[in-house]
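[1] Pasting the sequence and the predicted model now:
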Amino acid sequence: MFDHVFRSGAIGGLTLPHRIVMGAMHLNLEALEDGGAALAAFYAERAGGGAALIVTGGTAVSPAGAGGPGYGMVGDPSHRAALRRAADAVHAAGGLIALQLFHAGRYALPGVAGTDGGAPFAPSAVYSRFSRTTPREMSADDIAETVADFARGAEAARELGFDAVEVMGSEGYLINQFTAPLTNRREDAWGGDAERRRRFPVEVMRAVRAAVPGFPVLFRMSGADLVEDGTPPQDTAALAVALAEAGADALAVGVGWHESPVPTVQAQVPEGTWAVFAKDVKRALRGAGHGAVPVIASNRFNRLSQADEVLAGGEVDYVAMARPFLADPAIVATSRAGRAEAVDLCIACNEACIDRSFGTERVSCLVNPRAGYEAEFAATAAPGASARRRYAVVGAGIAGLQAARTLLALGHEVEVFEAGAEPGGQFRLAGQVPGKRDFAQTVRHHVAELAEHGAVLHLNHRIGHKDAALLAAFEGVVLASGVLPVRPALPGLALPHVIDYAQAFADPDALGERVAVIGGGGIAVDLAHLLTAGRAATSTPEEFLAAHAVTGGSPSAAPARPARAVTVMRRGGRVGAGIGPSTRWVAMAELRAAGVETLVGVEYEEITREGVVVRDAEGGHRLVRADHVVLAAGQEPERDARHALLRAGVPFEAAGGVTGADRLNAVRATAEGLRAAHRLVARTSGKAAAPAEAAAPGAVRAGPDGTGSATAAVTPTGRNGMEPANEACTNATAGACGT
């Protein structure tokens, strides 16, 4: 399988066993005060899983270049020690590692940048919606010193034991800012026309090459900025040729800025969409006689089959995959062994990775909550671990499935009890939504993993008071029984056309032409998208590019507009406020394109046979006409299973919605599933407990006697770990600031 992926290749003096590069990801592990233990463990596990060449997250070449407080700096002695440890760990695991040299430019956050006065600097003083500041224009001396910083960074990388460097010149960071007319308005030797705008990246490349002769140097360039007045396509082609002539050993091609109105990394973007721009770069190199310089395509690849298909055409040489290595550190080794179906897929949800990377919380992964915590949680049972035990998991939602697979990996017997006819809970519902098909694949993968390792899954078995004796037969239980829809006290609730969101997802085709949704959270947004599917959805890269007016797309026949009209209502806040910032703006744009009406600040008066009567903020009344009214106004923990556990007296740990519905999302659910399993094993074996995470207010935790206790409320610093001030426009959040 994957004959094109598993061909050997070379980048500079490096010989690589396959054509997959692990792309750069900022992890917020780089500056942890742990001596680099977490960073080394993270990279070593991926090298051991088959990642041949790993590119680190961006390491700032100067204090002014740091993108935030969690960035490593190549000139900081403590950071250098951590970097050396990471390089050594990768080598011990059989891999190669490149240090990415990074400068944020105008994307550096005010107060973090190490420039006079704390203001970022850039080619020109052009306001950044991402950092929400106007940078200082760089002087000629600033430019010369920054070029030298990149060269010194390359020298340091070689001294620290890295095998290569990658110069970060894409995604709207400093080097990319010099090539775009939008942000380079200079009229001196560093701007004014295309040749002078590309001078800075070329000089950086030359300086790096001179500093480390013979050392492999990759350069990540932007294939398409996707912003108005960005780098013109002909300038991109000329830059690629100039970089090759300046000594680049490979060109990695990224796309999009954090201020771009075009989604680039979200699940709504079809897989492989951006390879077209890497192919353009390769054609430019071949046309100039530099076809031997490898080109690396990137963005929106989550299966090796997709990479193999792109490589088969011979128009690119390598494919970089980043987030898929978060989801499954062994994606390469597992695929190479002929078990591609056993790979834990990245679902491009962005909630624990990209959303966190712009704040200070360490990056992890929804489908693999061990990511970023490898040094704290064993992947499998340690040699000489205590005897195999028998545990139960109550609930086969995403939290319960994660708990069960963790217990199995730690060497124990597991039985799972699920109240419904199918596993997956609310995560399975999300898998029906356009753009989220891989959510359903995650459920299938986890269930298959349980079966492969001998777990017993009991469906249609709701744990209640009658099951106390059954539960008492286990040595411990993970309680992950989830949540139930809230039914608000409204007149008319008993009318036959009123259903809850679970019923709507179960049979969406049965809903009428007019649907009113009471509640405006993520579930309501997903349901509205499902009910209007086809109006704004695209299914191929070509259609996506055409829909967003990006060069390289080809329009197709416009999909027929469904007759269904959907209104989503919310008492307070924004519709979809709980969705991660890198995804919400995309989801809301799709709903607007589909004609979905959103109402906020309303009070529900009553449900009638004609629809829902609401009162707006000004006190006016309105009838929202509807053939069906769907309740999606909140959730509450399921309680029956907990009562059964208390009667049984068996030790238990809780995870997911049962610990509290406030701020509930799948990231929290899987992380709690992982931790609950480790805590349960530690408690029942008499070992030290695994580290715990902050729990939701009112969360249920098992006490030392197994009776359960409530944890204290914890107020997080910001949604998904991002500081509130950082919830700016990113592509990650990009084009819909303020929506």
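    The structure has been received and is ready for your questions. Numbering: from 1, shown residues only.
[2] Only C-alpha atoms from now on, for both contacts and neighbour counts.
    Fine.
[3] what ranges do the strands span in the stretch 351-500 of the chain?
    For the stretch 351-500 of the chain, the strands defined by DSSP state E, counting those that start in this stretch occupy 390-394, 413-417, 456-458, 476-479, 483-485, 498-500.
[4] Mean neighbour count and distance to Glu376 added to these, as JSON lines?
    Shown next, in JSON lines, are these (neighbours: other C-alpha atoms under 10 Å; distance: least, C-alpha to C-alpha, whole Å):
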{"stretch": "strand 390-394", "mean neighbour count": "26", "distance to Glu376": "22"}
{"stretch": "strand 413-417", "mean neighbour count": "22", "distance to Glu376": "22"}
{"stretch": "strand 456-458", "mean neighbour count": "18", "distance to Glu376": "28"}
{"stretch": "strand 476-479", "mean neighbour count": "28", "distance to Glu376": "20"}
{"stretch": "strand 483-485", "mean neighbour count": "18", "distance to Glu376": "29"}
{"stretch": "strand 498-500", "mean neighbour count": "20", "distance to Glu376": "40"}
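[5] mind checking which of those is nearest Leu664?
    Minimum separation from Leu664 across those (C-alpha to C-alpha) falls at strand 483-485, 9.7 Å.
[6] ok, Pro233 - how many residues close by?
    16 (other C-alpha atoms under 10 Å).
[7] All further residue positions should be reported with the first residue as 39.
    OK, 39 is where the count begins now, so the last one is Pro271.
[8] List the beta-bridge partners for the closest residue to it other than its chain neighbours.
    Excluding the flanking residues, the one nearest Pro271 by C-alpha to C-alpha, 6 or more residues apart in numbering is Ala262, at 7.3 Å. Beta-bridge partners of Ala262, counted by DSSP bridges, are Val293.
[9] can you pull the contacts of the residue lying farthest from the centre of the chain?
    For the chain, the residue at maximal distance from the C-alpha centroid (C-alpha atoms, centre = their mean) is Arg647, at 42.4 Å. Contacts for Arg647 (C-alpha atoms under 8 Å, 6 or more residues apart in numbering) come out as 533, 535.
[10] Please report how far it lies from Met111.
    For Arg647, the distance to Met111 equals 63 Å [C-alpha to C-alpha, to the nearest Å].
[11] who's in contact with the residue nearest to Pro271?
    Counting by C-alpha under 8 Å, 6+ apart, Ala262 touches 268-269, 271, 274, 292-294, 315.
[12] Could you do Ala146 as well?
    If you count contacts by C-alpha under 8 Å, 6+ apart, Ala146 has them with 102-106, 158, 169.
[13] Nearest the middle, which residue of this structure would you pick?
    Asn388 (2.2 Å).
[14] was I right about it contacting Gly618?
    Yes - Asn388 lies in contact with Gly618 (C-alpha atoms under 8 Å); the separation is 7.4 Å.
[15] Now Gln440: closest residue in space that isn't a chain neighbour?
    Excluding its sequence neighbours, the residue lying closest to Gln440 (C-alpha to C-alpha, 6+ apart) is Gly711, at 5.3 Å.
[16] ok, so of the contacts of Ala262, who is nearest Arg660?
    Arg660 lies nearest to Gly294 out of the contacts of Ala262, by C-alpha to C-alpha, at 42.3 Å.
[17] what sits against that closest one?
    Residues in contact with Gly294 (C-alpha under 8 Å, 6+ apart) are 208-210, 260, 262-265, 300, 302, 769.
[18] got the domain boundaries for the protein?
    According to automatic domain parsing, the chain comprises the domains 47-395, 428-523+674-754, 536-592+599-671.
[19] Out of the strands of the stretch 389-538 of the chain, which is closest to Gln306?
    The nearest among those, by C-alpha to C-alpha, is strand 536-538 at 26.0 Å.
[20] rewinding a little: go through the strands of the stretch 389-538 of the chain and find the least confident stretch.
    Of all the strands of the stretch 389-538 of the chain, the minimum mean pLDDT falls on strand 521-523 (a mean of 91).
[21] Neighbouring strands of that one in the sheet, and parallel or not?
    If you go by DSSP bridges, strand 521-523 pairs up with strand 673-675 (antiparallel).
[22] Show me the helices in the stretch 439-588 of the chain, by range?
    463-468, 475-490, 506-510, 539-544, 560-569, 579-585 (DSSP state H, counting those that start in this stretch).
[23] Now do the fifth one, average pLDDT.
    This predicted structure assigns helix 560-569 an average pLDDT of 94.
[24] now the last one
    Mean per-residue pLDDT for helix 579-585: 89.
[25] do the same with the longest one
    Mean pLDDT, helix 475-490: 95.
[26] next one: the shortest one
    For helix 506-510, mean pLDDT rounds to 95.
[27] tell me which residues of that helix are tucked away?
    Buried residues in helix 506-510, counting neighbours by 16 or more other C-alpha atoms under 10 Å, are found at 506, 509-510.
[28] quick revisit: can I get the contacts of Ala146 in TSV including secondary structure?
    Output for the contacts of Ala146, formatted as TSV (DSSP: H, G, I helix; E, B strand; the rest coil):
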residue	secondary structure
Ala102	helix
Gly103	helix
Ala104	coil
Gly105	coil
Gly106	coil
Pro158	coil
Ser169	coil
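[29] As JSON lines, those with distance to Asp346 and neighbour count would be great.
    JSON lines is the format used below for the contacts of Ala146 (distance: C-alpha to C-alpha, whole Å; neighbours: other C-alpha atoms under 10 Å):
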{"residue": "Ala102", "distance to Asp346": "39", "neighbour count": "25"}
{"residue": "Gly103", "distance to Asp346": "36", "neighbour count": "31"}
{"residue": "Ala104", "distance to Asp346": "35", "neighbour count": "26"}
{"residue": "Gly105", "distance to Asp346": "33", "neighbour count": "30"}
{"residue": "Gly106", "distance to Asp346": "36", "neighbour count": "24"}
{"residue": "Pro158", "distance to Asp346": "41", "neighbour count": "30"}
{"residue": "Ser169", "distance to Asp346": "37", "neighbour count": "22"}
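[30] out of those, who's nearest Gly449?
    Using C-alpha to C-alpha, Gly106 is the member of these that lies nearest Gly449, at 40.2 Å.
[31] Arg234 reaches Ala227, doesn't it?
    Yes - Arg234 lies in contact with Ala227 (C-alpha under 8 Å); the separation is 5.9 Å.
[32] Between those two, which has more neighbouring residues?
    Using other C-alpha under 10 Å, the more surrounded residue of Arg234 and Ala227 is Arg234, with 18 against 13.
[33] In which helix or strand does the more buried one reside?
    Under the criterion of DSSP states H and E, Arg234 resides in helix 232-235.
[34] and that helix, what does it pack onto?
    helix 212-217 (3 or more C-alpha pairs under 8 Å, 6 or more residues apart in numbering; DSSP states H and E).
[35] So what does Leu134 look like in phi/psi?
    Backbone geometry at Leu134, expressed as degrees, to the nearest 10, gives phi -120, psi 150.
[36] Local confidence estimate at the closest residue to it other than its chain neighbours?
    Spatial nearest neighbour of Leu134, excluding adjacent residues (C-alpha to C-alpha, 6+ apart): Leu91 at 4.7 Å. On pLDDT, Leu91 comes in at 98.
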